[in-house]
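A.B. asks: Take a look and give me a structure for this.
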Amino acid sequence: AVLKMVQRLTYRRRHCYATKSNGVRKVKTPGGKLTLHNVAKKCQAPKCGDCHKALQGIPVMKPYLYKRLAKNKKNVSRAYGGNRCAGCVRQRIVRAFLIEEQKIVKQVLKKQKKK
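C.D. replies: Here you go, the predicted model:
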């Protein structure tokens with residue numbers, strides 16, 4: 001059995017502890033060497049203000065990176081786009097419509113009662 005030596009790796013930055021913020025990935029270079037690539041932490045997706053589900057159509061980035069993003073990438077072309085999800089917007093529209101219908105029904109009933 002021929003044992004091959006394992007290639008040792010060291011961190012490429014000054015931070016030398018295996019913490020959450022110091023994530024690395026082993027990568028084999030075209031030259032056959034192993035190196036470490038630093039991996040950024042996963043970001044949280046923007047959430048709907050009503051149901052707290054992740055919003056579709058908006059990239060998941062760190063908050064400070066949204067500043068560099070174009071406006072059309074930060075929202076969706078719809079009422080409450082980039083703030084509420086489509087389901088919640090639909091719910092709001094239906095609720096508003098039903099409330100208005102209820103008001104009209106009350107008015108009609110009031111007129112009938114007077115006659």
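A.B. asks: Do a quick rundown of the helices in the protein.
C.D. replies: Along the chain, counting by DSSP state H, helices occupy 71-74, 86-114.
A.B. asks: Report how many residues lie close to Ala86.
C.D. replies: The number of residues packed around Ala86, counting by other Cβ atoms under 10 Å, is 15. (C-beta placed from N, C-alpha, C; glycine too.)
A.B. asks: Is it in contact with Arg78, as I believe?
C.D. replies: Yes - using Cβ atoms under 8 Å, Ala86 is in contact with Arg78, at 7.0 Å.
A.B. asks: on that earlier part again, with mean pLDDT and distance to Asn22 added, can I get the helices of the chain in TSV?
C.D. replies: Below are the helices of the chain laid out as TSV (pLDDT from 0 to 100; distance: least, Cβ to Cβ, whole Å):
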stretch	mean pLDDT	distance to Asn22
helix 71-74	95	30
helix 86-114	96	38
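A.B. asks: can you put those in a markdown table and add distance to Cys51?
C.D. replies: Formatted as a markdown table, the helices of the chain follow (distance: least, Cβ to Cβ, whole Å):
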| stretch | distance to Cys51 |
| --- | --- |
| helix 71-74 | 20 |
| helix 86-114 | 6 |
